[in-house]
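In: sequence and computational prediction follow.
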Amino acid sequence: DVKVTQSSRYLVKRTGEKVFLECVQDMDHENMFWYRQDPGLGLRLIYFSYDVKMKEKGDIPEGYSVSREKKERFSLILESASTNQTSMYLCASSLSMPSGSRTSGANVLTFGAGSRLTVL
Amino acid sequence: AQSVAQPEDQVNVAEGNPLTVKCTYSVSGNPYLFWYVQYPNRGLQFLLKYITGDNLVKGSYGFEAEFNKSQTSFHLKKPSALVSDSALYFCAVRDWQTGANNLFFGTGTRLTVIP
């Protein structure tokens, strides 16, 4: 069974702390994503990566950074946590799809169970 | 620009009745459209997708969705709702011509099936 594993389900941190959220996938997917989920706002993309050491900003990258040193691992880093970063964080992965391709099965995201972060 | 709208935050339906969860989209080119479901304290699970071809798409757990290009809609449907269908449902879109691999998600619709 394919899996995306997020290392922490629940975290409580203090304002100003550095926070690491880890995500590992075992499907050899090229693409990995970090979303945050907030009530009434749905999922918003923070960062994504389409290859090792590659990253691109999503819609809300401010206050976050990412690291992808290995294909299977994508880390989200909060350099100095703030209370407005209290949220559910979802990691996902997918196969890559060439531009303009209509390959069946591409772009289905497989999600982890989520990491609920509370910043006090 | 790509966007998705789910006009209803909450949908209630009696068990055994048909259900519909609405979604409209906006893309500059041709859309890929997806439905995902989220059960409590879980990540999102893929339900179904529209890429091309038949406008009626069948997916997991008896769900189906109809792509309507003229109305730019992709409503999720099920003929007979189960209590276990109660969950949060997300519609998502990607414009396959842009070359980006990420999806844009709607704000979600909470479905409650009443026994």
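Out: Done, it's in.
In: got the residues of chain A near chain B?
Out: Residues of chain A found near chain B (Cβ under 8 Å from any Cβ of the partner chain) are A:4, A:31, A:33, A:35, A:40-45, A:48, A:50, A:58, A:90, A:92, A:94, A:96-97, A:99-102, A:104, A:107-114. For every residue, glycine as well, the C-beta is placed using N, CA and C.
In: where exactly do the strands run in chain B?
Out: B:3-5, B:10-14, B:19-21, B:24-26, B:31-38, B:44-50, B:56-58, B:64-68, B:73-78, B:87-95, B:104-105, B:109-114 (DSSP state E).
In: what of chain A?
Out: A:4-6, A:10-13, A:19-25, A:31-38, A:42-49, A:56-57, A:65-70, A:73-78, A:87-94, A:110-111, A:115-119.
In: now those strands as JSON lines including distance to B:Asn55?
Out: JSON lines is the format used below for the strands of chain A (distance: least, Cβ to Cβ, whole Å):
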{"stretch": "strand A:4-6", "distance to B:Asn55": "31"}
{"stretch": "strand A:10-13", "distance to B:Asn55": "42"}
{"stretch": "strand A:19-25", "distance to B:Asn55": "33"}
{"stretch": "strand A:31-38", "distance to B:Asn55": "28"}
{"stretch": "strand A:42-49", "distance to B:Asn55": "25"}
{"stretch": "strand A:56-57", "distance to B:Asn55": "33"}
{"stretch": "strand A:65-70", "distance to B:Asn55": "38"}
{"stretch": "strand A:73-78", "distance to B:Asn55": "35"}
{"stretch": "strand A:87-94", "distance to B:Asn55": "24"}
{"stretch": "strand A:110-111", "distance to B:Asn55": "26"}
{"stretch": "strand A:115-119", "distance to B:Asn55": "38"}
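In: so what's B:Lys78 up against?
Out: Counting by Cβ atoms under 8 Å, 6 or more residues apart in numbering or on different chains, B:Lys78 touches B:18-19, B:61-64, B:85.
In: next one: A:His29
Out: A:His29 neighbours (Cβ under 8 Å, 6+ apart): A:93-96, A:110.
In: now the strands of chain B in TSV, with distance to A:Asp26 and mean pLDDT?
Out: Compiled in TSV, those are given as follows (distance: least, Cβ to Cβ, whole Å; pLDDT from 0 to 100):
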stretch	distance to A:Asp26	mean pLDDT
strand B:3-5	29	91
strand B:10-14	35	98
strand B:19-21	31	97
strand B:24-26	32	94
strand B:31-38	20	93
strand B:44-50	17	93
strand B:56-58	28	95
strand B:64-68	29	96
strand B:73-78	30	97
strand B:87-95	23	90
strand B:104-105	24	89
strand B:109-114	31	97
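In: of those strands, which is nearest A:Asn84?
Out: strand B:104-105 (20.0 Å; Cβ to Cβ).
In: for PyMOL, write a command that selects the buried ones of the residues of chain A next to chain B.
Out: In PyMOL, a selection of the buried entries from those looks like this (16 or more other Cβ atoms under 10 Å in any protein chain shown):
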select buried, chain A and resi 4+31+33+35+42+43+44+45+48+50+58+90+92+94+97+107+108+109+110+111+112+113+114
